[in-house]
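S.K.: Below is the sequence, then the predicted model.
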Amino acid sequence: MTTLTICSKPLTQPMGSNIDFGVELTGINVESMDDDDFTILRKALYENQVVVIKNQGDLSPRGQYELTRRFDPAAGVYSHGKSIDKRSVLHADLTTIPHQPQVQVIGHGSVKEYEGLTNIQLRHPHHKTFHKEPISAEENDDFTHFYRWHIDSAMYNLDPPLVTSLLAVQVPKGRRQICRYDDGTDTTIDVPLGTTAFFSGYRLYEMLSEEEKLFVRTSKVEYAPHPYIWMSKAKSRSNGLGIVSEGLELSDEELPPFESSKIKTYPMVWKNPVTGKLAMMVYPTCVRKIHLENGEVLDNLPEIRERLYKLQRRAIDPTLIYPHDWQEGDLVLFNNHGVMHSIVGSFKDHEVRIFRQCNMAASRPPMGPDDQISA
């Protein structure tokens with residue numbers, strides 16, 4: 001049996017960080033784990049939410065898929081389904097590995113050949129395509145925004161993956177950027193180029209007042225049908241936390257056909273299946289309605305967005321964010337039902353970055369606050 005050792009050193013954090021999640025594991029061979037090893041890994045993930053495993057550059061796409069699926073053996077379909085509509089805001093960001101369709105290639109730059117793909121042009125999502133007020137072209141090299149704080153999920157028809165894995169194959173070196181919030185405050189955070197930033201839904205829930213906790217524990221959010229098409233003309237706040245309300249969302253008639261039974265309504269609070277802790281987990285860009293405990297349905301979208309923003313904004317304080325400093329061979333696993341994350345950064349044309357992402361639509365919906373943890 002391979003012995004997993006949780007490093008005593010905390011993950012590299014910004015100055016003044018106050019995060020309480022994340023761990024680095026050593027002594028693990030991902031592709032040859034036995035059941036005892038995996039039990040340790042799973043426990044570490046749900047106790048720490050983000051797990052970093054170094055030096056995994058030799059991990060095959062098949063091995064990455066098998067590891068990710070191990071957290072949810074009944075899963076098997078990529079989180080957004082077998083195909084993504086060209087009208088979706090996600091369409092240009094993902095390239096499927098032909099021999100392992102649950103694994104996507106993401107990154108930036110021109111790649112001649114990789115895992116059966118040839119002459120691919122990767123595009124790191126840039127906030128100028130999505131934000132209401134992007135950073136100017138003159139400042140683009142030095143400054144950036146959080147692109148979109150999100151949960152990996154289709155949020156229609158398919159349930160959010162339990163776990164996402166990200167593998168850094170090729171990483172540009174040396175440059176950092178200042179991430180500006182530009183949200184009426186002068187808040188900034190220094191970040192590595194192309195970081196993936198995380199915040200804890202558990203920490204957010206702990207920060208709420210008792211009145212706010214009661215509201216989120218007893219309310220549910222309804223997501224829009226085909227949300228990434230629904231929002232395709234809308235623009236984001238500059239800190240990436242939700243949409244600016246301008247009435248640009250597509251009407252039901254403008255969307256592809258949808259079934260009411262496939263529209264997703266989830267609790268605002270999700271329970272950790274190992275620790276039982278509660279996390280506020282709401283994907284603000286996709287939300288359309290709020291269902292209250294008394295049966296009332298809130299459907300004024302600007303008011304809903306403002307209410308959610310006031311609840312969630314505290315979670316993206318710089319001291320509560322973990323911006324991972326990617327090194328080639330880093331394998332990062334994260335609890336997609338407990339942390340939210342954002343793409344960050346803007347690359348130059350010559351900077352090539354290759355990552356692999358794997359997640360699969362869950363075999364069950366998120367656990368609500370009243371759900372029982374199974375043995």
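M.R.: Now that the structure is in, tell me what you want to look at. Numbers count the residues shown, from 1 in each chain.

S.K.: any chance you could map the helices in the stretch 201-350 of the chain?
M.R.: Using DSSP state H, counting those that start in this stretch, the helices of the stretch 201-350 of the chain run over 201-207, 210-218, 227-230, 301-312.

S.K.: Any chance of the ones you listed in CSV with mean pLDDT, distance to residue 263 and mean neighbour count as columns?
M.R.: All C-beta spots, glycine's among them, are computed from the backbone N, C-alpha and C. CSV is the format used below for these (pLDDT from 0 to 100; distance: least, Cβ to Cβ, whole Å; neighbours: other Cβ atoms under 10 Å):
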stretch, mean pLDDT, distance to residue 263, mean neighbour count
helix 201-207, 98, 22, 21
helix 210-218, 98, 20, 15
helix 227-230, 96, 10, 24
helix 301-312, 98, 15, 16
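
S.K.: quick one, which of those helices is nearest to residue 65?
M.R.: Residue 65 sits nearest to helix 227-230 of all the helices of the stretch 201-350 of the chain, at 23.2 Å, using Cβ to Cβ.

S.K.: related to what we said a few turns ago, could you dump the helices of the stretch 201-350 of the chain into a markdown table with distance to residue 123 added?
M.R.: Output for the helices of the stretch 201-350 of the chain, formatted as a markdown table (distance: least, Cβ to Cβ, whole Å):
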| stretch | distance to residue 123 |
| --- | --- |
| helix 201-207 | 29 |
| helix 210-218 | 35 |
| helix 227-230 | 16 |
| helix 301-312 | 27 |
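
S.K.: hey, which helix is longest across this structure?
M.R.: helix 35-48 (DSSP state H).

S.K.: circling back: of all the helices of the stretch 201-350 of the chain, which one is nearest residue 155?
M.R.: Here helix 227-230 is closest among these (Cβ to Cβ), at 5.0 Å.

S.K.: elements contacting that closest one?
M.R.: If contacts are counted by 3 or more Cβ pairs under 8 Å, 6 or more residues apart in numbering; DSSP states H and E, helix 227-230 sits against no helix or strand.

S.K.: quick one: it to chain centroid distance?
M.R.: Relative to its chain's centre, helix 227-230 lies at 17 Å (Cα atoms, centre = their mean, to the nearest Å).

S.K.: And stretch 265-285, by the same measure?
M.R.: A distance of 14 Å separates the centroid of the chain from that of stretch 265-285, by Cα atoms, centre = their mean.

S.K.: What residues of that stretch count as buried?
M.R.: Neighbour-count burial for stretch 265-285 flags 266-273, 277-285 (criterion: 16 or more other Cβ atoms under 10 Å).

S.K.: Next: stretch 128-136.
M.R.: By neighbour count on 16+ other Cβ under 10 Å, the buried set for stretch 128-136 is 130-131, 134-135.

S.K.: any idea which helix or strand carries residue 169?
M.R.: Element membership of residue 169 [criterion: DSSP states H and E] is strand 163-170.

S.K.: Can you dump the C-alpha atoms of that strand in CSV for me?
M.R.: C-alpha atoms of strand 163-170 as CSV (Å, rounded to 0.1, in the frame of the first residue of the first chain):
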residue,chain,number,x,y,z
VAL,A,163,-15.0,16.7,-8.1
THR,A,164,-13.0,18.5,-10.8
SER,A,165,-9.4,17.6,-11.7
LEU,A,166,-7.1,20.0,-13.4
LEU,A,167,-3.6,19.0,-14.7
ALA,A,168,-1.0,21.6,-15.8
VAL,A,169,0.9,20.3,-18.8
GLN,A,170,2.6,23.4,-20.1
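
S.K.: helix or strand right after it?
M.R.: Next along from strand 163-170, by DSSP H and E: strand 176-180.

S.K.: That next one - which strands sit beside it in the sheet, and in what orientation?
M.R.: strand 143-144 (parallel), strand 188-192 (antiparallel) (DSSP bridges).

S.K.: Nearest to residue 219, out of the ones you listed?
M.R.: Judged by Cβ to Cβ, the one of these that comes nearest to residue 219 is strand 188-192, at 30.3 Å.

S.K.: Great, nothing more from me.
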